[in-house]
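[1] predicted structure and sequence below. I'll ask about it afterward.
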Amino acid sequence: MHSLGGTDGPGARPYPNGRGRVCARAPSAIFVTRITAAIRLFAYGPKTRLQRCRFGAGQLKKRSAGAALISFARGGPTGVQSPKASRRAQRPHEELVSKHHKTKKGQIRRSLLSKTVAAVFVLTGAVVAAAAQPSAMPADLIWKPIEIRNVVDFPKTADDYATLQEKEPYQGIKVERDIKYGPAERNLLDVFTPKTDSSAQPVLIFIHGGAFIAGDTHSAGSPFYDNIALWAVRHGFIGVTMTYRLAPQYPWPAGAEDIALAVKWVSGNVGSRGGDGSRLYLLGHSAGATHVASYVSHPEFYRVRDGGIKAAIMLSGLYDLTASAFRAPEKAYFGDDPARYAERSSIKGLVATKIPLMIVTAEFDAPVFLRQFDLLKAAACEGPNGCIRSVVLARHNHMSEVYSINTADTLLTDQILDFVKTNR
């Protein structure tokens with residue numbers, strides 16, 4: 001366990017917040033938010049502004065408590081972000097701002113009765129809403145990522161989610177293990193396909209994390225990262241999980257070079273397995289997301305025309321190497337010479353690329369990933385291609401965002417499906 005610095009159930013509600021940011025929140029997450037809002041409404045008075053998304057930019061339009069409560073009763077938000085305000089400086093955490101209106105004598109006007117009525121009204125509405133929208137996730141699991149928070153605890157998070165995952169053998173799915181896609185010992189990938197014949201399907205290629213020095217596609221007895229390929233097949237894709245050479249033996253740009261080899265192999269061989277080699281999507285997590293970013297942003301690594309991919313999805317990656325202090329694992333891969341970090345960064349190339357991008361971070365991600373997310377999001381919005389899809393997963397941490405895939409928690413996967421459908 002090392003410190004690098006959740007959501008639940010179907011029916012999650014994605015909503016825009018700021019310049020391209022999307023906050024994914026399930027009904028239970030909204031329930032908790034509203035309970036908190038009710039308590040704070042009681043404590044701070046009836047004139048309230050609420051910033052709905054943690055790490056969102058800017059302010060909210062002013063809304064009276066009455067308008068907020070009416071919106072709440074209709075199932076709507078308690079505040080609406082101003083597009084103008086979203087261009088202002090980012091605020092690093094969720095805020096609830098109370099404005100105390102004074103009388104001519106300078107005394108704060110607060111009506112205990114109005115506060116009590118408002119709080120009871122909101123609490124009652126929240127209970128009714130929660131009852132009408134039960135969570136499909138086990139109640140104790142909903143809070144696990146919050147308990148772990150921004151400590152990257154692989155074993156603990158894995159234990160929490162493993163019981164929710166499918167066990168081998170996987171019904172209706174064929175699995176091919178350890179297919180060589182390149183000359184190196186770790187140039188291996190697993191391919192998941194439906195056992196029934198189907199028309200040519202798009203392909204999702206997953207690249208795991210591991211701080212650049214560890215990780216694999218699959219370990220005996222573990223459902224990870226089969227869960228991602230299984231989800232892909234059950235949602236109309238061919239699923240591929242790949243591994244790659246590791247630091248310190250293989251420093252930058254080994255990860256991007258291996259992705260290039262894997263893309264070339266998949267595009268040329270997936271057709272015989274029911275896949276469409278012209279519709280490849282990359283999905284990387286942590287170090288894997290950083291490798292995806294390096295590949296997309298440096299066309300010199302491409303072995304297939306235009307990179308050979310339709311889009312790239314990056315979960316908790318590093319994009320601007322000049323903006324973060326590195327630990328030993330990052331230095332093992334990128335080197336310990338800061339003068340080289342700018343050219344090895346991906347942020348400039350990601351802003352310039354025509355390949356559609358989606359970036360994701362978790363509410364309880366490590367601070368370094370939250371900062372990197374905000375840097376790329378802001379840079380893209382100022383760039384020639386405009387804002388990219390940017391998603392913050394409420395109540396998730398660094399590992400739960402991937403361990404939850406192929407469970408009843410669909411906050412992330414709903415976003416992925418919509419991104420693939422719209423290509424934006």
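    Happy to help now that I have it. Residues are numbered from 1 along each chain as shown.
[2] what mean pLDDT would you report for stretch 194-209?
    Model confidence over stretch 194-209, given as mean pLDDT, is 93.
[3] list the buried residues for that stretch?
    Along stretch 194-209, these residues count as buried under the neighbour rule (16 or more other Cβ atoms under 10 Å): 194, 201, 202, 203, 204, 205, 206, 207, 208, 209. From N, CA and C alone the C-beta is placed, and that goes for glycine too.
[4] next, the distance between the ends of that stretch.
    For stretch 194-209, the separation between the terminal residues is 26 Å (Cα to Cα, to the nearest Å).
[5] count of neighbours near residue 418?
    If you count neighbours by other Cβ atoms under 10 Å, residue 418 ends up with 14.
[6] quick one: which helix or strand includes it?
    Of the helices and strands defined by DSSP states H and E, residue 418 is found in helix 411-422.
[7] can I get the buried residues of stretch 194-209 in JSON lines including secondary structure and distance to residue 340?
    As requested, the buried residues of stretch 194-209 are exported to JSON lines (DSSP: H, G, I helix; E, B strand; the rest coil; distance: Cβ to Cβ, whole Å):
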{"residue": "194", "secondary structure": "strand", "distance to residue 340": "45"}
{"residue": "201", "secondary structure": "strand", "distance to residue 340": "40"}
{"residue": "202", "secondary structure": "strand", "distance to residue 340": "36"}
{"residue": "203", "secondary structure": "strand", "distance to residue 340": "33"}
{"residue": "204", "secondary structure": "strand", "distance to residue 340": "32"}
{"residue": "205", "secondary structure": "strand", "distance to residue 340": "28"}
{"residue": "206", "secondary structure": "strand", "distance to residue 340": "28"}
{"residue": "207", "secondary structure": "strand", "distance to residue 340": "23"}
{"residue": "208", "secondary structure": "coil", "distance to residue 340": "25"}
{"residue": "209", "secondary structure": "coil", "distance to residue 340": "22"}
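[8] closest to residue 222 among these?
    Distances from the buried residues of stretch 194-209 to residue 222 were compared by Cβ to Cβ; the smallest belongs to residue 208, at 11.8 Å.
[9] okay, the buried residues of stretch 194-209 in JSON lines with distance to residue 172 next?
    Written out in JSON lines, the entries for the buried residues of stretch 194-209 read as follows (distance: Cβ to Cβ, whole Å):
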{"residue": "194", "distance to residue 172": "6"}
{"residue": "201", "distance to residue 172": "14"}
{"residue": "202", "distance to residue 172": "18"}
{"residue": "203", "distance to residue 172": "18"}
{"residue": "204", "distance to residue 172": "17"}
{"residue": "205", "distance to residue 172": "21"}
{"residue": "206", "distance to residue 172": "20"}
{"residue": "207", "distance to residue 172": "25"}
{"residue": "208", "distance to residue 172": "24"}
{"residue": "209", "distance to residue 172": "28"}
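[10] tell me which two in those residues are the farthest apart.
    Those two in the buried residues of stretch 194-209 that are separated most widely, counting by Cβ to Cβ, are 194 and 209, at 27.1 Å.
[11] shouldn't residue 174 be within a helix?
    No: Residue 174 sits outside any helix when classified using DSSP: H, G, I helix; E, B strand; the rest coil, being strand.
[12] so how many other residues sit close to it?
    15.
[13] likewise residue 220?
    Other residues within reach of residue 220 by the criterion other Cβ under 10 Å amount to 5.
[14] which residues touch residue 375?
    By Cβ atoms under 8 Å, 6 or more residues apart in numbering, residue 375 lies in contact with 319, 320, 323, 347.
[15] residue 322 is in contact with the last one, correct?
    What it means is residue 347. No: taking contact to mean Cβ atoms under 8 Å, the distance of 9.0 Å between residue 347 and residue 322 leaves them out of contact.
[16] which one's more surrounded, those two?
    Neighbour comparison, residue 347 and residue 322: the larger count goes to residue 347, with 22 against 12 (by other Cβ under 10 Å).
[17] phi and psi next, for the more buried one.
    phi -60, psi -40 (degrees, to the nearest 10).
[18] tell me how far it lies from residue 167.
    Using Cβ to Cβ, to the nearest Å, we find residue 347 at a distance of 40 Å from residue 167.
[19] same deal with residue 330?
    Computed as Cβ to Cβ, the residue 330 to residue 167 distance reads 35 Å.
[20] now do residue 179
    To residue 167, residue 179 is 23 Å away according to Cβ to Cβ.
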